[in-house]
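Engineer: okay, here's the prediction I keep looking at, along with the sequence it came from:
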Amino acid sequence: MNASAEDSNLEQAVLGDSSKNFEQDQVNEADEKPELTGSSEFALKMINAVKSMNNDEISHYEMVNSFTIADEMKCLFMFIKALPYNPIVPMYPEAPFLFFKGVLFPRSYDLTEEIAMDIETFMKGKNSEYFKDLHLHDLDPYYLDAYESAVRIYNDMVEKTRTSYLSNVKQAKSQVIEISAAIVCAMVVVLAIVGMS
C-alpha cells in the first residue's frame, strides 16, 4: 500500500509540474503576443508619420520629433533609408480642364530624395552618435521586426495605390478619347451637312 501511495504521490507531483509548465508556457506566449502586436503598432506609427509628412500635414522636423526613444529613432532612420523615392509618377492633370475631370495624384507616398536627405541630416544633427555606422543587425529584435513589417506594408500600399492611380488615369484618358472622337464626328457631320447645302 505504501508503494501505491508513493506512486500516486509521484504521479500527482509530475502532473502538478507539467501543469505548472503548461501554465508558464501560456504566460510566456501571452507575454510574446503584446510584443509582436506592439512592433506592428510601431510599424504603423512610422508609416502614418511618413504619409502625414508627404501630405504636408506635418513637417519632417515634427515627424522626427514624434519619435523620442533612441531605438525608435534608429528604426525610423533605417526605415526612411529603405523607402522608394517618387514611386508613383504623375501621368495626368489633377485639375479639371475643359469639361474633363482631373485625377488626383496620391501624395501619401511621394517621398522625394531631397526630403529623405533632409530627414537624415536633421536626425544626424540631433543625435549623430545613434546613426554612426548603423546597420540593420544593430536594431533590437523588436525594432527589427517593426522595420521589416513597416517596409513590407509600405511597399504593398505603394503598389496598390499605384495600380489604383494607373487605373483611374487609364479610365480618364479613355474618356477623353471617346469624347474627342464624338466631337470630331459631330464636326464632320456638321461640315458635311453645310457642304451639301
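Structural biologist: Done, it's in. Source: prediction; values computed, not measured.

Engineer: ok, the residue nearest in space to the middle of the chain - contacts?
Structural biologist: Nearest to the mean C-alpha position of the chain, counting by CA atoms, centre = their mean, stands Tyr154 at 2.4 Å. Going by CB atoms under 8 Å, 6 or more residues apart in numbering, Tyr154 touches Ile47, Val50, Leu83, Tyr109. (Glycine included, C-beta is placed from N, CA and C.)

Engineer: count of residues packed around the second one?
Structural biologist: Other residues lying near Val50 total 24 when counted by other CB atoms under 10 Å.

Engineer: could you look up the SS state of it?
Structural biologist: Secondary structure for Val50, judged by DSSP: H, G, I helix; E, B strand; the rest coil, is helix.

Engineer: pretty sure it contacts Val64?
Structural biologist: No - using CB atoms under 8 Å, Val50 makes no contact with Val64, being 10.8 Å away.

Engineer: hmm, back to that, go through the contacts of Tyr154 and flag which are in strands.
Structural biologist: Of the positions in those, not one sits in strands, assigned by DSSP state E.

Engineer: and those residues, which are buried?
Structural biologist: Ile47, Val50, Leu83, Tyr109 (16 or more other CB atoms under 10 Å).

Engineer: just to check, the first one is in contact with Asp156?
Structural biologist: No - because the distance of 10.4 Å does not satisfy CB under 8 Å, Ile47 is recorded as not touching Asp156.

Engineer: quick check: Pro76 vs Ala186, distance?
Structural biologist: For the record, residue 76 is Leu, not Pro. 57 Å (CB to CB, to the nearest Å).

Engineer: what about these two, which has more around it?
Structural biologist: Per other CB under 10 Å, whichever of Leu76 and Ala186 has more neighbours is Leu76, with 25 against 10.

Engineer: so what touches whichever strand or helix holds Met123?
Structural biologist: Assessed by DSSP states H and E, Met123 sits inside helix 113-126. When contacts are defined by CB under 8 Å, 6+ apart, helix 113-126 is touched by residues 53, 60-61, 63-64, 73, 76-77, 80-81, 83, 85-86, 130-131.
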